[in-house]
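1. Predicted model, plus sequence, below.
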Amino acid sequence: DAKTTQPTSMDCAEGRAANLPCNHSTISGNEYVYWYRQIHSQGPQYIIHGLKNNETNEMASLIITEDRKSSTLILPHATLRDTAVYYCIVRPNFGNEKLTFGTGTRLTIIP
Amino acid sequence: EPEVTQTPSHQVTQMGQEVILRCVPISNHLYFYWYRQILGQKVEFLVSFYNNEISEKSEIFDDQFSVERPDGSNFTLKIRSTKLEDSAMYFCASRGVSRGEKLFFGSGTQLSVL
């Protein structure tokens, strides 16, 4: 599986946009970029995923660079409940398609 | 939104005892997974299960572990003889059959081995 690199931690002020970067320079053509988050010790929660186009849903936006070597997750108006560990995962679109978690980015929303 | 349900939420056991962790995946899902997370560490893949057989397992998933889908709704993880180092949060996940479908995770079972 392609590896991802994320900052260990980030802070963001409440109400501002949180921009979480991820590098995945060895991603291959049939691999998607997924974002999950884990609030405290709860089960990982799906946020968004994409292949090469930018994506938006009710939780976040995902911006993928044209060369697909990096991406940014954007939480448009961060709230205190968005404090969590955010995982950027590159996932093959074949086989059993398991997720391989790294250490993620610990995002803290500051009141 | 549909949910993956795990029971119990907490399980305390003595070293050497057998434990069974239970999961009810989302009803129309066909791929099932177990993960674990030792306190302060990464979420680690244990095993995936499809069509009534293991499709992939990690090095962690040794002979002490087994999985079963005993009926049409439950998916279980059994640890035959627990060790202290098995203490962790165990997460069950499931997904549908189409390619690229997202995994849904349960809220986990905290296993404490004394």
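-> Arrived safely, thanks for sending.
2. What is the neighbour count of whatever residue of chain A ends up closest to chain B?
-> Going by CB to the nearest CB, chain B is nearest to A:Gly43 of chain A, at 3.5 Å. Yep, even glycine has a C-beta here, placed from its N, CA and C like the rest. Using other CB atoms under 10 Å in any protein chain shown, A:Gly43 has 23 other residues around it.
3. which parts of chain B sit against chain A?
-> Contacts of chain B with chain A, taken as CB under 8 Å from any CB of the partner chain, map to B:4, B:31, B:33, B:35, B:37, B:42-45, B:48, B:50, B:55-56, B:89, B:91, B:93, B:95, B:99-108, B:110.
4. can you give me phi and psi for B:Glu85?
-> phi -70, psi 0 (degrees, to the nearest 10).
5. oh sorry, the question was meant for A:Asp82
-> Per-residue torsions, A:Asp82: phi -80, psi 0 (degrees, to the nearest 10).
6. Also A:Arg81?
-> Backbone torsions of A:Arg81, given as degrees, to the nearest 10, read phi -70, psi -10.
7. What separation is there between it and B:Gly108?
-> Separation of A:Arg81 from B:Gly108 (CB to CB, to the nearest Å): 19 Å.
8. out of those two, which sits in the more crowded spot?
-> B:Gly108 (24 against 8).
9. Within range of chain B, give me the residues from chain A.
-> Within chain A, the residues that sit near chain B (CB under 8 Å from any CB) are A:32, A:34, A:38, A:41-46, A:49, A:87, A:93-103.
10. Buried ones only from those, please, as a ChimeraX command.
-> Entered in ChimeraX, the line below selects the buried ones among the residues of chain A next to chain B, by 16 or more other CB atoms under 10 Å in any protein chain shown:
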select /A:32,34,38,43,44,46,49,87,96,97,98,99,100,101,102
